[in-house]
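Enquirer: below is the sequence, then the predicted model.
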Amino acid sequence: MIRDCDLNEISDGRRYLLSDMVKADCGGCKGCSACCHNMGSSIILDPLDFHRISAHLKLGFEALLGDKIELNIVDGVILPNLKMMSEPENPCGFLGADGRCSIHPYRPGICRIFPLGRLYENGSFSYILQTKECKKGKRSKVKVSKWIDTPDVKANHEFITEWHYFLKEVHDKLLENGKEEYIKKITLQILQCFYIEPYSEDEDFYKQFDKRLAQMKRLIFEK
């Protein structure tokens, strides 16, 4: 998601790498689930997020759509996001009655790194500490690589980078073309390729993603 804002207004102004220590540990969020309410359509799912949830619940795209996820246009592209339920307090559809996440080991990347965020620049990204988002007043220091709780962090970093800059290229391409029919065709192909068509649980996700990404790049940019 493209955000036009002053870094110093939303963070402590620092850029963090995986090996850095950051004051982000909320102590298990005991007694607090504020960040699981009233998030609107902001918890956007990348292909890995959706694959993790889908594989864990043994539910496909259509089964999850409408109940747990919804579709919205993000920077010109149709993408899924976690659906917030109705009042009171608009909780995430995966938030249990006990105030805990029912898919915590398989939660999306945005939830996984919170209260950190990602800052994309120079063809890669670093992490930032968002200072106005988490309601927990006292947080302890933790290594970034430990906090984001993601296996194979190098492959994951490459995946996140590739996905972000691919979407940015697509956004620019759609703006350049401008035709409604073309935009709809491309965005639906992206949705089909990266989300609706299931990934094999017996093969490495990142290798499967790379093949699909190469396929879509040829389709969109090499004509």
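Expert: Cool, got the structure. Residues are numbered from 1 along each chain as shown.
Enquirer: where's the longest helix that the chain contains relative to the chain centroid, distance-wise?
Expert: Assignment by DSSP state H gives helix 153-177 as the longest helix of the chain. Chain-centre distance of helix 153-177: 12 Å, with CA atoms, centre = their mean, to the nearest Å.
Enquirer: pLDDT weak spots in the protein?
Expert: Within the chain, the segments meeting pLDDT under 70 span 1-4, 223.
Enquirer: and Ile113, how many neighbours?
Expert: Counted with other CB atoms under 10 Å, residues neighbouring Ile113 total 18. Any C-beta I mention is one placed from the backbone N, CA and C, and that applies to glycine too.
Enquirer: pull up the gap between it and Asp149, please.
Expert: Remark: distance between Ile113 and Asp149 (CB to CB, to the nearest Å) = 9 Å.
Enquirer: if I pick the nearest residue to Thr150 once chain neighbours are set aside, what's in contact with it?
Expert: Nearest residue to Thr150, sequence neighbours excluded (CB to CB, 6 or more residues apart in numbering): Asn156, at 5.0 Å. Taking CB atoms under 8 Å, 6 or more residues apart in numbering, we find Asn156 in contact with Leu48, Thr150, Tyr206.
Enquirer: so Ile183 sits right up against Lys173, yeah?
Expert: No: with contact defined as CB atoms under 8 Å, Ile183 and Lys173 do not form a contacting pair (9.5 Å).
Enquirer: which of the two has more neighbours?
Expert: Higher neighbour count among Ile183 and Lys173: Ile183, with 19 against 15, using other CB under 10 Å.
Enquirer: A helix includes that one, no?
Expert: Yes: Ile183 forms part of a helix when assessed by DSSP: H, G, I helix; E, B strand; the rest coil.
Enquirer: do you know how far the closest residue to it other than its chain neighbours is from Asp204?
Expert: Spatial nearest neighbour of Ile183, excluding adjacent residues (CB to CB, 6+ apart): Leu174 at 5.0 Å. Relative to Asp204, Leu174 is positioned 30 Å away (CB to CB).
Enquirer: check Lys58 too.
Expert: 20 Å.
Enquirer: looking at these two, which has the bigger crowd around it?
Expert: Taking other CB under 10 Å, Lys58 and Asp204 do not tie; Asp204 has more neighbours (12 against 7).
Enquirer: just to revisit the earlier point, gap between the residue nearest to Ile183 and Glu180?
Expert: For Leu174 relative to Glu180 (CB to CB), the value is 10 Å.
Enquirer: comparing these two, which residue is more hemmed in?
Expert: Shown here are Leu174 and Glu180; by other CB under 10 Å, Leu174 has more neighbours (19 against 8).
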